[in-house]
Structure formats: structure tokens, C-alpha cells
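Trainee: sequence and predicted structure below; questions after.
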Amino acid sequence: MSEPFFSIIAAYYQGVSDDETLGRFVSSLQQQTFQDFEVLIYHDGPLQHEVSCPYPVHATPERQNVWGHNLRQLGLQDARGRYVLHTNVDNLYEADAFAKIFARLQQGDSQILITRLRMMGLNYAPPTATTRGRIWYDKPRDYSKSVVLTGNPPVYGNIDLMQLVASKQIWDRYGWFSMVEQADGLIYPRLCKENSYACTDILIGRHF
């Protein structure tokens, strides 16, 4: 069996994402104009009920409740693709995202690509002469608002796991080595500081 170009690793928990949410995520994958990818979905603990999904859903024996990071490590162990994309099933990919990322990676100048991402429900206030810039969510979240994160270094704090596409070779070397809530902001700086990377204006998707 030939290796796919991408491995899509998605964390899932039915106590957070319902069947309709999972269905929207699956639709965003099926609508991709570039289809050379595998999908690895991992559920944190036993399924509370069976789901109808065209991709296999792997349930762990026990719930770990560490923001799905244990599931990302399982996905990295199982992934066969040349490049890996991480996400959660409550997020959506733009229909041309994989095609654009594939084309950019063909330039061959980097094993890491940092994309843009629309964070739904997020607010942003730019810095002024007397204040620092800040981002925040309303309570409850207002999903009519959004902010596009670029993730361009050195602003590592404003980056989400969806934004970084890295080769399987890199992930095999590092693994998902942090299980804290803000693991993205710890893992990505190290990967980018120790490996070549490129930033792109490709909008990969929407994060809810």
C-alpha cells in the first residue's frame, strides 16, 4: 500500500462534539479538492454511542482528559503520510486547503509549513502607545466574530495546532512531547527553532 501524502490526525470526545459536529468535520474532508490523505480519528475513552463515519474512529480503553494530546501521540505512531496535520473534529478545513499546501510543499524548501487559521469567536485589540495588543473570547463565545492568526514567529503564543504542517520525519524525531493545555505554544517553537520552516498566507480552515 502506497503512503498517502497527508495524515490528518483528529482528536474527538463525544462529551464535547456531537454527531452533527463530527459530520461537518467529515464533510470538510470529503470536499477537499486534493484527496491524497488518510484520516485518523481518536476518541478519548470508550465511545458513549456508536457513530456513522466513513473513517475509522479509534477509541482508547480509558479517558485521559489531557486536551486530546494523548490521542495526537497515538496518531503519530499510526500515521503513514509524508506530512501530518493535527486538528479536532469540531474544526473545519477550507475546501482547497490541502491542494494549496501540497503545491507549496512541492517547492521543497522546508519540512515545516506554518499556515493561517481563522479562530472563530476570538476578539483582537491591537497595541497602542500605552497598551499591549491582546486577544480574548467573550463569555459566552460570539462566533460571529473571528480573528485570523498568522502564527508567524516569533509570535508563537498566537498559534494553534491546526496551523503547523510538519513532515512525518520530524514528528518521528520529536513526538507530541507535551501534555499540558498550551502544548501547541511549547511544541511549535522548538520545532521551528530546530528545523527549517516557511510561513504562508494559505488559510487552512476555521477553528471553533
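Mentor: All right, it came through fine.
Trainee: tell me where the model's unsure across this protein.
Mentor: Within the chain, the set of residues satisfying pLDDT under 70 comprises 1, 153-158.
Trainee: which strand is the longest one in it?
Mentor: With residue count as the measure and DSSP state E as the assignment, the chain has strand 197-207 as its longest strand.
Trainee: same for that strand, what does it pack against?
Mentor: On a contact count with 3 or more CB pairs under 8 Å, 6 or more residues apart in numbering; DSSP states H and E, strand 197-207 meets strand 92-93, helix 97-105, strand 112-120. C-beta coordinates here come from the backbone N, C-alpha and C atoms, glycine included.
Trainee: switch to 10 Å and redo it
Mentor: Contact partners of strand 197-207 among helices and strands, from 3 or more CB pairs under 10 Å, 6 or more residues apart in numbering; DSSP states H and E: helix 19-30, strand 83-88, strand 92-93, helix 97-105, strand 112-120, strand 146-149, strand 164-167, helix 184-194.
Trainee: now the angle from the helix or strand following the longest one to helix 19-30?
Mentor: Heading C-terminal from helix 19-30, the first helix or strand you meet, by DSSP states H and E, is strand 37-43. Between the axis of strand 37-43 and that of helix 19-30 there is an angle of 160 degrees, by axes from the mean of the first three to the mean of the last three CA atoms, to 10 degrees.
Trainee: quick check, distance from strand 37-43 to the centre of its chain.
Mentor: Between the centre of strand 37-43 and the centre of its chain there are 12 Å (CA atoms, centre = their mean, to the nearest Å).
Trainee: measure the residue nearest the centre of the chain to Thr115 for me?
Mentor: For the chain, Met162 is the residue whose C-alpha lies nearest the centre (CA atoms, centre = their mean; 2.5 Å). The span separating Met162 from Thr115 equals 8 Å under the rule CB to CB, to the nearest Å.
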